[in-house]
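*Asks:* got a predicted model here, sequence first, then my questions.
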Amino acid sequence: MADFDLAIIGTGSGNSLVTPDFDDKKVAIVEAGTFGGTCLNVGCIPTKMYVYAADVAASVKHAHRFGVDARLEGVRWRDIRDRVFGRIDPIAAGGQAYRVSEPNTTVFSGYAEFTGPKSLRVSTGEQFSAEQIVIAAGGRPMVPDVVAQSGVPYHTSDTIMRLDELPERLVILGGGYIGAEFAHVFSALGAQVSLVARSTRLLRHLDSEISDRFTQLAATRWDLRLGVETSKLSGDQHGVRLDFTDGSYAEGDVLLVATGRVPNTDRLGLAAAGVQTLYDGRVRVDCYGRTNVEGVWALGDVSSDFQLKHVANHEARAIAHNLAHPHDLRKFDHRFVPAAVFTDPQIASVGLTEDQARAANLDYVTAIQAFGDTAYGWAMEDQTGICKLIADPGTGLLLGAHLMGYQASNLIQPLIQAMSFGQPVPELVRGQYWIHPALMEVVENALLKLGLNEP
């Protein structure tokens with residue numbers, strides 16, 4: 001007989017698997033880091049709390065555009081930091097204390113490693129078995145060899161937010177969403193930012209229209225070093241220097257490595273359990289979250305195509321049901337997964353990019369609406385925001401939506417809803433009122449520009 005009915009590796013979205021269905025069962029939870037996972041401790045939540053402070057600082061700097069004379073007197077970095085973690089750290093500690101106090105739950109602090117298909121060993125020495133095991137171990141920052149082997153001090157997204165002082169000069173290695181968000185945070189709060197990327201444009205996973213426009217805008221705010229390879233790093237705790245293969249270099253007081261993330265599968269001993277992985281190390285799962293080993297499941301960053309908390313939560317809800325209802329399994333629904341980049345301006349997207357639609361030989365139409373061509377856009381003096389839509393002219397259904405501008409992460413929601421529930425553009429745009437002169441008219445006007453509103 002197994003020691004536990006259910007074992008969960010990781011306490012991010014995996015923590016939500018302990019539903020009332022397991023009130024009368026024995027549950028083991030294994031956590032190697034801080035309780036609550038990436039999103040709570042070093043990801044979504046603390047970064048957005050920093051972003052909000054950065055947005056406030058940026059609004060002061062730009063107040064003159066509206067006839068308001070304002071000046072940013074200064075930034076109290078430690079107060080910003082302590083506001084963030086003064087909220088978050090107690091939540092993490094409280095979550096762990098709650099789980100420890102539950103009579104049917106045992107919490108192990110350490111790394112979990114499979115010793116067989118249904119057996120685990122914790123790095124602190126404990127060993128046990130479980131009827132069902134869910135791998136929700138998440139991921140961690142990826143650090144290139146040129147950095148790791150240099151001996152030069154660096155930070156990742158796991159550590160940069162805990163700095164004691166705001167650096168005067170920050171070098172960011174990586175042009176993805178993590179680099180773009182932290183570039184906004186640190187530059188808005190007063191640091192000089194150099195952003196280094198191998199690609200010739202930032203956020204290249206996005207629709208090329210959005211990526212190109214954002215890169216052009218970023219070049220006016222930060223010191224961009226694009227299309228370069230880092231050949232050498234040097235420096236110490238007082239400063240760093242990155243030399244590039246083209247002969248140029250960048251210097252700063254602090255280095256942030258934001259070159260992506262990798263799944264924590266290499267620490268799990270998956271071979272001992274026979275659990276299969278994909279080419280990039282992620283656990284291979286089917287549409288129900290099952291691995292190839294019966295009774296072993298996986299969710300979130302350790303297995304998913306999407307490194308997004310809302311996706312991990314969705315997968316956790318499905319697996320929580322499937323664990324308790326093996327004859328009524330629920331599938332993951334990854335048809336229309338939205339994502340946002342909380343930089344300046346915000347960026348949000350869902351569905352196909354135009355390049356993807358073209359590559360798939362789809363028949364499509366596009367429309368672009370500038371924020372600045374709406375009444376609320378006038379109020380904001382917006383000169384950069386756009387909403388780009390892609391639709392199927394035959395069915396009238398949206399194929400993709402891409403926004404760059406103020407509150408893009410909120411403005412995109414009705415488009416996500418329309419795609420998820422199969423609502424065609426004519427019904428969406430003319431079947432409801434749109435408040436005038438709210439900023440949501442950007443979305444309304446983009447839908448009208450698609451030319452699909454007439455029967």
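*Replies:* Perfect, I can see it now.
*Asks:* only C-alpha atoms from now on, for both contacts and neighbour counts.
*Replies:* Fine.
*Asks:* partner strands of the longest strand seen in the chain, parallel or antiparallel?
*Replies:* The residue-count maximum for a strand in the chain (DSSP state E) belongs to strand 127-135. Each strand paired with strand 127-135, and its direction, by DSSP bridges: strand 4-9 (parallel), strand 119-122 (antiparallel), strand 296-298 (parallel).
*Asks:* please identify the deepest-packed of those strands.
*Replies:* Stretch with highest mean neighbour count among the strands paired with strand 127-135: strand 296-298 (a mean of 26; mean count of other CA atoms under 10 Å).
*Asks:* contacts for it next, please.
*Replies:* Strand 296-298 is contacted by residues 117-118, 132-136, 283, 285, 289-291, 319 when judged by CA atoms under 8 Å, 6 or more residues apart in numbering.
*Asks:* the following helix or strand past it to strand 4-9, inter-axis angle?
*Replies:* Next helix or strand after strand 296-298 toward the C-terminus (DSSP states H and E): helix 309-324. If you take axes from the mean of the first three to the mean of the last three CA atoms, to 10 degrees, helix 309-324 sits at 170 degrees to strand 4-9.
*Asks:* show me what counts as buried in helix 309-324.
*Replies:* For helix 309-324, the neighbour count (16 or more other CA atoms under 10 Å) marks 309, 311-323 as buried.
*Asks:* so what's the residue count around residue 291?
*Replies:* 23 (other CA atoms under 10 Å).
*Asks:* for the nearest residue to it once chain neighbours are set aside, list the residues it contacts.
*Replies:* Excluding its sequence neighbours, the residue lying closest to residue 291 (CA to CA, 6 or more residues apart in numbering) is residue 285, at 4.6 Å. By CA under 8 Å, 6+ apart, the residues touching residue 285 are 291-292, 297-298, 303.
*Asks:* and the two most separated of the residues you listed?
*Replies:* 292 and 303 (12.7 Å; CA to CA).
*Asks:* ok, these two, which is more surrounded?
*Replies:* residue 303 (29 against 16).
*Asks:* pull the contacting residues for the more buried one.
*Replies:* Contacts of residue 303 by CA under 8 Å, 6+ apart are 263, 282-285.
*Asks:* number of nearby residues for residue 256?
*Replies:* 22.
*Asks:* one step back: quick check: neighbours shared by residue 292 and residue 303?
*Replies:* Listed contacts common to residue 292 and residue 303 are 284-285; contacts here mean CA under 8 Å, 6+ apart.
*Asks:* the stretch 251-400 of the chain: strands as residue ranges?
*Replies:* Using DSSP state E, counting those that start in this stretch, the strands of the stretch 251-400 of the chain run over 254-257, 261-263, 296-298, 339-341, 347-351, 365-370, 386-391, 398-404.
*Asks:* go on, the stretch 1-150 of the chain?
*Replies:* Under DSSP E, counting those that start in this stretch, the stretch 1-150 of the chain gives strands at 4-9, 27-31, 105-109, 112-116, 119-122, 127-135, 139-141.
*Asks:* in CSV: those, plus mean pLDDT and distance to residue 83.
*Replies:* Shown next, in CSV, are the strands of the stretch 1-150 of the chain (pLDDT from 0 to 100; distance: least, CA to CA, whole Å):
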stretch, mean pLDDT, distance to residue 83
strand 4-9, 98, 30
strand 27-31, 98, 25
strand 105-109, 97, 27
strand 112-116, 98, 33
strand 119-122, 97, 34
strand 127-135, 98, 32
strand 139-141, 97, 24
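*Asks:* how about a markdown table for those, with distance to residue 180 added?
*Replies:* Written out in a markdown table, the entries for those read as follows (distance: least, CA to CA, whole Å):
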| stretch | distance to residue 180 |
| --- | --- |
| strand 4-9 | 31 |
| strand 27-31 | 30 |
| strand 105-109 | 34 |
| strand 112-116 | 33 |
| strand 119-122 | 37 |
| strand 127-135 | 30 |
| strand 139-141 | 15 |
